[in-house]
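Trainee: have a look at this fold, sequence not included:
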């Protein structure tokens, strides 16, 4: 029996029985639906398009199939299906089987992910190699004389990765003082992204103050970070965004939506967004908030925090 996700009603799944040569629809199991959506979202981050993911996952589940069978199973036009099959084969995650009629089969998911990751790494290496030549080419172009004056700027960022990259940049640019407030959720993000490792390495060079809320989760990550006692504080604060202040001149503030839902009504992991700015009034306001939080700092408990 072959299973294929069908367009239209997301609660139904198309089932084709080889023995009876009949097609019927059954209600989709919610657990299966959630798992499939998670896999699809992950594959999309490797650059695969929506229909490419559908074709790959169908073949990965049911085994070798003819193009016409694939097109029929997932309701795609045959021309588009052939194009997708060739594109996926070029990416190395599908094989053609030399039979008449021609059939296709998928590389196992773990191997496919390895191939997609390696392809992304190669792209990054090529871009790194091209950086110097592009910079030299740009500098060879006659530049207009522009009067350099300090401007108050802001930048909108979307996604946890972009937020962390900006935090890394801000920390690296800091000359004297770096202040950060992070609730337990944000502290977990920063810890698993290795930002806190960079923070620890800078603790002897900079005047660093890390404030976090009084929760078991925060205390656990503080213990794992192993910062000097004078570098962190525990405060009573709830529902505040994460923010970082560099030399009292630049600010990065992060926030997220907790109740992001997909088309099926299932809750997803919160989506992180952030704003960077050197706008004096905004930096001053958050600096005052940080000072107020610092005034409420509590002595951290002596008992060992629990995970």
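Mentor: Perfect, I can see it now. Since this is a predicted model, take the numbers as computed values, not measurements.

Trainee: which residue ranges of the stretch 201-307 of the chain form helices?
Mentor: For the stretch 201-307 of the chain, applying DSSP state H, counting those that start in this stretch gives helices covering 216-225, 280-295.

Trainee: any idea which of the ones you listed gets closest to residue 102?
Mentor: With respect to residue 102, and counting by Cβ to Cβ, the nearest of the helices of the stretch 201-307 of the chain is helix 216-225 at 54.0 Å. C-beta: built from backbone N, CA, C; applies to glycine.

Trainee: what is that closest one packed up against?
Mentor: helix 184-192, helix 195-201, strand 207-213, strand 232-235 (3 or more Cβ pairs under 8 Å, 6 or more residues apart in numbering; DSSP states H and E).

Trainee: could you redo the last one with a cut-off of 6 Å?
Mentor: Contact partners of helix 216-225 among helices and strands, from 3 or more Cβ pairs under 6 Å, 6 or more residues apart in numbering; DSSP states H and E: helix 184-192.

Trainee: may I see the buried residues of the helix it packs on?
Mentor: 184-191 (16 or more other Cβ atoms under 10 Å).

Trainee: please apply the same query to stretch 203-210.
Mentor: The neighbour-count check on stretch 203-210 (16+ other Cβ under 10 Å) flags 203, 206, 208-210 as buried.

Trainee: measure that stretch end to end?
Mentor: For stretch 203-210, the separation between the terminal residues is 11 Å (Cα to Cα, to the nearest Å).

Trainee: report the mean confidence score over it.
Mentor: Averaging pLDDT along stretch 203-210 gives 92.

Trainee: what's that stretch in contact with?
Mentor: 174, 177-180, 231-232 (Cβ atoms under 6 Å, 6 or more residues apart in numbering).

Trainee: export the buried residues of helix 184-192 to CSV and append columns for distance to residue 241 and pLDDT.
Mentor: Output for the buried residues of helix 184-192, formatted as CSV (distance: Cβ to Cβ, whole Å; pLDDT from 0 to 100):
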residue, distance to residue 241, pLDDT
184, 13, 89
185, 11, 88
186, 8, 90
187, 13, 91
188, 15, 89
189, 12, 88
190, 13, 91
191, 17, 89
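
Trainee: got the residues you listed as CSV, with distance to residue 84 columns?
Mentor: Supplementary listing: those in CSV, determined by distance: Cβ to Cβ, whole Å:
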residue, distance to residue 84
184, 43
185, 38
186, 39
187, 42
188, 38
189, 35
190, 39
191, 40
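
Trainee: which of the buried residues of stretch 203-210 sits closest to residue 291?
Mentor: residue 209 (10.3 Å).

Trainee: great, nothing more from me.
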